[in-house]
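[1] got a predicted structure here, sequence first:
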Amino acid sequence: MATIDDFRKMEFRIAEIKDVTEHPNADKLLVLTLDLGDKTKQVVAGIKSAYSKETLIGKQVVVVDNLDTAVLRGVESQGMVLAASDENGIVIVSPEKKLTNGSVVK
């Protein structure tokens, strides 16, 4: 179990998806370029089965901003986009209305 102190270490922010490319070495992954207001990040996300590039560009998402960089099948990922899944598919977590890129989620 994670403690409340563990949870407080995580930094969740609003980011806008600026670009989407297919992962060169994985069928289920997309490479997203995210605008967090004060910086840009590249994140690899396993959402290809649920979203096309056209539906993602301009969409705001919730991202875990302070994760260690990971290399997923040869491509660097600098965070994690939050998503939920069930038997009906995958849905990314997105704000109800437009917010300033980089807004803190708490």
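    On my side now, so go ahead.
[2] these two touch, right, Val44 and Leu67?
    No: Val44 is not in contact with Leu67 according to C-beta atoms under 8 Å; the separation is 11.6 Å. C-beta here means a position set from N, CA and C on the backbone, and glycine is covered the same way.
[3] of those two, which one has the most company?
    Using other C-beta atoms under 10 Å as the criterion, Val44 and Leu67 rank with Val44 on top: 23 against 14.
[4] quick one: the strands in the chain?
    In the chain, the segments counted as strands under DSSP state E are 12-22, 30-35, 40-45, 60-64, 70-72, 75-77, 80-81, 83-86, 89-92, 104-105.
[5] which strands or helices does the third one pack on?
    Going back to what we said before, that points to strand 40-45. strand 30-35, strand 75-77, strand 80-81 (3 or more C-beta pairs under 8 Å, 6 or more residues apart in numbering; DSSP states H and E).
[6] got the contact list for the shortest one?
    Think strand 80-81. 15, 32, 34, 43, 45, 47, 61-64, 67, 92-93 (C-beta atoms under 8 Å, 6 or more residues apart in numbering).
[7] for these, give me CSV that also has distance to Ala2 and pLDDT.
    Shown next, in CSV, are the contacts of strand 80-81 (distance: C-beta to C-beta, whole Å; pLDDT from 0 to 100):
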residue, distance to Ala2, pLDDT
Ala15, 23, 98
Leu32, 26, 98
Leu34, 25, 98
Val43, 22, 98
Ala45, 22, 96
Ile47, 24, 95
Val61, 22, 98
Val62, 18, 98
Val63, 19, 98
Val64, 13, 97
Leu67, 14, 94
Ile92, 22, 97
Val93, 18, 97
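[8] about what we covered before: and the strands of the chain: which comes nearest Ser52?
    Nearest to Ser52, of all the strands of the chain, is strand 12-22, at 8.4 Å by C-beta to C-beta.
[9] rewinding a little: closest to Lys53 out of the strands of the chain?
    If you check each of the strands of the chain against Lys53 by C-beta to C-beta, strand 12-22 wins as the nearest, at 4.2 Å.
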